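Peer 1: generate coordinates for the sequence data below:
(2 chains)
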2 protein chains.
Amino acid sequence: MVVATQSLEELCINSIRFLAIDAVEKANSGHPGLPMGAAPMAFVLWDRLMRYNPKNPNWLNRDRFVLSAGHGCMLQYALLYLTGYDDITLDDLKQFRQWESKTPGHPENFMTQGVEVTTGPLGQGIANGVGLAMAEAHLAAKFNKPDCQIIDHYTYVILGDGCNMEGVSGEACSLAGHLGLGKLIALYDDNHISIDGSTDLAFTEDVGKRFEAYGWHVQHVPDGNTNLDAIHKAIEAAKAVTDKPSLIKVTTTIGFGSPNKANTHGVHGAALGADEVKATREHLDWKYPEFEVPEDALKHFRKAVDRGAEYEEEWNKLFTRYKTEYAEEAAVVERMASGKLPENWEKALPAYTPQDKKDATRNQSGATLNAMAGVLPELIGGSADLAPSNKTLLKSSKDFQKGAYENRNLRFGVREHGMGAICNGIALHKSGLIPYGATFLVFTDYMRASIRLSALSHAGVIWVMTHDSVALGEDGPTHQPIEHIPTLRAIPDLIVIRPADGNETSGAYKVAVEKAKPAQGLATPSLLALSRQGLPNLEGSSIDAVAQGAYILSDSDGTPDIILIGTGSEVHICVDAAEQLRGDGKKVRVVSMPSWELFEEQDESYRESVLPKAVTKRLAVEAGSSFGWCRYVGAEGDTISIDRFGASAPGDVALEKFGYTVDNIVAKAKAL
Amino acid sequence: MVVATQSLEELCINSIRFLAIDAVEKANSGHPGLPMGAAPMAFVLWDRLMRYNPKNPNWLNRDRFVLSAGHGCMLQYALLYLTGYDDITLDDLKQFRQWESKTPGHPENFMTQGVEVTTGPLGQGIANGVGLAMAEAHLAAKFNKPDCQIIDHYTYVILGDGCNMEGVSGEACSLAGHLGLGKLIALYDDNHISIDGSTDLAFTEDVGKRFEAYGWHVQHVPDGNTNLDAIHKAIEAAKAVTDKPSLIKVTTTIGFGSPNKANTHGVHGAALGADEVKATREHLDWKYPEFEVPEDALKHFRKAVDRGAEYEEEWNKLFTRYKTEYAEEAAVVERMASGKLPENWEKALPAYTPQDKKDATRNQSGATLNAMAGVLPELIGGSADLAPSNKTLLKSSKDFQKGAYENRNLRFGVREHGMGAICNGIALHKSGLIPYGATFLVFTDYMRASIRLSALSHAGVIWVMTHDSVALGEDGPTHQPIEHIPTLRAIPDLIVIRPADGNETSGAYKVAVEKAKPAQGLATPSLLALSRQGLPNLEGSSIDAVAQGAYILSDSDGTPDIILIGTGSEVHICVDAAEQLRGDGKKVRVVSMPSWELFEEQDESYRESVLPKAVTKRLAVEAGSSFGWCRYVGAEGDTISIDRFGASAPGDVALEKFGYTVDNIVAKAKAL
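Peer 2: From the prediction side, this is the model:
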């Protein structure tokens, strides 16, 4: 494909290609194939259609772009550089995949301005995209006025075969079709190659037909390598369909331009090698050396800077008008997007006394969500088809549906993993929404990857997980969490909170909301583990104490003989057991420990005051696995744990059979 | 719907319904809706079409039945009782959902004969069904002769809306369509209701069209409540289509027969209540009291016993002929199905010495799989599109594809969760196949639910997980496991093994295969964590030592000053550090600890001999989270761990930055 002179577009597209090729080559690591094949469609998007301001990656009304096929990130990094984002210089491209560079091996939103979400694990990005589009639809429905459409942008996603095979993407896309998300446009890089080889090996379904079955608008561009006009027209046509999300299947050649490796799985995930880099330069008639971009191409790309400034300027004028005519709404939009919470919002949190009725923390969670909904318009969320069980419906709102996007109750369907990635997208829309996603704690197993990504990408999400132990009863071992709370604690940068009663539930949400929108620094997601069964409200519990992670609920005078550490639904039986033990003359301290992570955030002296090193007799009581508890009970301590699968039986029977009784605590404490 | 006299079929179908109603009512817990609605289709299946022997639930050539909508298990328990399975008596039905009953809240294959797989978590069952069908196809292709078709049975699945929303089912069904699994027949209980309410809330895709896109044969039975003939014809038509799996969408009313609760989400998951039970009895003109089955109905159902005996008798004759004419093949079939391994199979395991080249354990894993393939015809498996990276291709075989089912390389595509559930199905086909499923260790997050179910349901699967630490390098934090090995250890009844070199890799497989097909007792799945990077073969390592979980690799004379505990890729730097420390006059013991679970299986004296209580200075070195290590290092010990997310950089740089150097081990050891 030797061309005498290259058109300006070819110059630009090949600039993208060769930055990717050179960066991967220099790192001797990475994925050149997708950037080479998807450069044309990405060029059409970034150069002709997408509305963004390279100098302000946080402009509220920018179009969102997600590279769901995250391994192809050199495509995105090249475009960020070429279009003039400050965060990516040529040197950054040269540091591709090196320690602490701005250009890590998969796109990380917390490392690189201009990257909206963290992708890499396939299927996540397109599902994030559904969330981003849901956020746009919600805010538009809520805040736009007929004469003032301040929220009006598209969500563009590039995804590949891998993403399309992953179940999480099917879940999210089915929901997107149901919701009629017309501003979501996905470009499917149809190159028939994955790591194993041709998609003929395992993936021969009719993707277009499947998306039509979901209710999407589907088009096919057969020549995605050279027919820029067809790509452009298809995107325009997609934009014109306003009541369905759009899939554009763009057929390309992976590694386009490489004479020997194009269209093979070898070019998917390895550097071309010096010889092939040279051969590709010859094949595409590319005379420019490593990392050099022709001046004309760079100049053309950089028009995005002025364009972007204009877009934002126009929008600023619009928003100024909006502020004048709709001052109240504007104030809310600004506050939300600023990352600030409303003054005194926490006063809405329900507080309890021991006289208040026994209740399940899942119910108290529902009450708290509803109380917060009144003061936090940014709160939006739902359940993966367990709303009546998770208690997550906001009574003051209705269901978020096509034509009713202003509502706040998200109906995810039985799609935990999709829900997870969608919530991440809603949070990372960075417009100040605080999403919550709910299911049974045991089904965190279905969505662990998105929970982990919420932590890695600093997405301010609240994960609401009910039915948190064997106490859920008859549904049995497939539904009874055992190792889930410990293993969720093991995920870095995730706050896990297991409240014991109403006050602690309110306290958990106080922390979760503050972590989702911190006064300073990046957001942190929280996961709440809530009971199915009723629990008493405890003397000495408080909303504020939760932030300390663990606190003394009750104590004897002087140094304790033993410390009982309880979490969640087991705290009240520790309290009862302590009474008995004190009756027998023992000095007992009861510590409620709703959150390990929050406890570890406290200074040494506080932690020492709660769990003094000198007191080595400690008994931890939690209806779940012992995994990790040695950290707090030590060699001379013990736990009441369940290190086997559960069993189908009424919840109180299960708790008893597994040793969660006052008598057993007393016995084990005495044994120590 | 009062009927003067009920036909025999109605009598039978209502018998199913009322056993379910009464059992759920007595337990005051459970899901009556699906059994009531799906009773007709289940009756047609079990009474007219399925080939099984109630007196021999293990008959090799039985049709397989899976209730993917596992919450509806009273449907299955009722049928097991009615058709004459010994394991379920009327008393067992009365003990529905009670401690240690044979009728737990969701079907558990290890509790109840006649239940093939453990379902409950939605989407798993249909994916198990794909695995069961793959097993049948494989064995048929491998062992059948033109005049002797010893393997020839169907896999029937009943699934609902929930299963259809779950991503795992889409993954498996897309693969099933690609593979043309003609003996898989799925009945979709299309009742438009899920827990949240009508499927209009979140699930309005065209399911039939989606399945056609997957390459399935799709039919619709609009009246699944009363038109038994239509159901019967549809199943026959499905059987007649031999080159595609079949979906029959059977439209039903959830809770059919309940005058006030039918077609509501209230009847999905709660007992009807005494009043409604009474009203339903009136509505369906059911005069029989609680748990009483009309004699005529029971007699009719119990014809399954003689039918089943005949089916098995015929098949025994066939197999006797097969044994005569094809003695060698028959011996293999019998040995495999008996659960026995071939004599001396373990001699095929590669053994190494320190002189053998440095190599990644993922490569050694590939070598071992290939060596075992030669002596274990039951070994079958593959990767979720990472075969070249996981090194899981069996060179002596080809790809398992339509028309080539005799091959052993399974190409799952980028479908980790589907792969997991499919492998469980293959193992639980109980014909002696040992499946393995592979991906990157970090993507166990995508399939954790199926890994957990392999442990719960005692499926003899081998999970092959490579790229097991930050050492994988540049792919960065989305791909680098941190908490994965500890959190997998936390799953009960799962053996996690992290081999340090070639011998330990062979040893890991020795354990995994023996646990998959134990001489006695139930199977246990194993998960191997393997390195991307090359490692030396260690002096003192051995194949047999792995089964002990931890062993002394090298030691000084007398009581150690310190014990270095390494796992996998960190053992060799412990060895080097020990040399240095000994050079400084310290007494150092190096323990290689490939598996916690196997170590805990050893008796106290062995464990004491390896990690004597008296030696409290211990340093554990593992490139991952510290979570749980306090168990083995104690209060006076320490670890070299990573308790944050990883970073994109070359693997050796990452290891160094995170402290995995000989110098750091020496320093930390001295600090102790």
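
Peer 1: how about the residues of the stretch 551-672 of chain A by chain B?
Peer 2: A:625, A:627-628, A:630-631, A:634-635, A:643-645, A:647-650, A:653-654, A:657 (CB under 8 Å from any CB of the partner chain). The C-beta positions use only the backbone N, C-alpha and C, and glycine is treated the same way.

Peer 1: can you give me the neighbour number for A:Glu601?
Peer 2: For A:Glu601, the neighbour count with other CB atoms under 10 Å in any protein chain shown is 14.

Peer 1: nope, A:Arg644 is what I was after
Peer 2: Counted with other CB under 10 Å, residues neighbouring A:Arg644 total 12.

Peer 1: may I see the ChimeraX selection of the buried members of the residues of the stretch 551-672 of chain A next to chain B?
Peer 2: The following ChimeraX line selects those of those that are buried, judged by 16 or more other CB atoms under 10 Å in any protein chain shown:
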select /A:625,627,628,630,631,634,645,647,648,649,650,653,654,657
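
Peer 1: in contact with A:Pro481, which residues?
Peer 2: A:440-442, A:467-469, A:529, A:624 (CB atoms under 8 Å, 6 or more residues apart in numbering or on different chains).

Peer 1: wait, A:Met593
Peer 2: Neighbours of A:Met593 in contact, by CB under 8 Å, 6+ apart: A:549-550, A:565-567, A:599, A:620, A:632.

Peer 1: quick check: residues of the stretch 151-300 of chain A near chain B?
Peer 2: Neighbours of chain B within the stretch 151-300 of chain A, by CB under 8 Å from any CB: A:161-163, A:165-171, A:174-175, A:177-178, A:194-196, A:201-210, A:212-215, A:265.

Peer 1: again, only this time at 6 Å
Peer 2: Selection of the stretch 151-300 of chain A residues close to chain B by CB under 6 Å from any CB of the partner chain yields A:162, A:165-168, A:170-171, A:174, A:178, A:194-196, A:201-206, A:209-210, A:213-214.

Peer 1: keep only those of those residues that are in strands.
Peer 2: A:Ser194 (DSSP state E).

Peer 1: ok, the helix or strand A:Val66 falls within: who's next to it in the sheet?
Peer 2: Assigned by DSSP states H and E, A:Val66 belongs to strand A:64-67. Partner strands and pairing direction for strand A:64-67 (DSSP bridges) are strand A:155-160 (parallel).

Peer 1: the worst-scoring helix or strand of chain A on mean pLDDT: how far from the chain's middle?
Peer 2: Least confident helix or strand of chain A, by mean pLDDT, DSSP states H and E, is strand A:193-194 with a mean of 92. Distance of strand A:193-194 from its chain centroid, counting by CA atoms, centre = their mean, to the nearest Å, is 27 Å.

Peer 1: what number of residues lie near A:Asp147?
Peer 2: With other CB under 10 Å as criterion, A:Asp147 counts 10.

Peer 1: so what's it closest to, chain neighbours aside?
Peer 2: Closest residue to A:Asp147 apart from its sequence neighbours, by CB to CB, 6 or more residues apart in numbering or on different chains: A:Glu325 at 7.9 Å.

Peer 1: list phi and psi for the one you found.
Peer 2: For A:Glu325, the backbone dihedrals (degrees, to the nearest 10) come out as phi -80, psi -30.

Peer 1: number of residues surrounding the nearest residue to A:Thr226 once chain neighbours are set aside?
Peer 2: Distances taken as CB to CB, 6+ apart place A:Pro40 nearest to A:Thr226, at 7.0 Å, with adjacent residues excluded. A:Pro40 has 27 neighbouring residues, counting by other CB under 10 Å.

Peer 1: mind pulling the model confidence for the residue nearest to A:Thr242 when sequence neighbours are not counted?
Peer 2: Closest residue in space to A:Thr242, ignoring its immediate chain neighbours: A:Gly182 at 4.1 Å, by CB to CB, 6+ apart. Each residue has a pLDDT score; the one for A:Gly182 is 98.

Peer 1: run a quick neighbour tally on A:Gly182.
Peer 2: A:Gly182: 21 neighbours (other CB under 10 Å).
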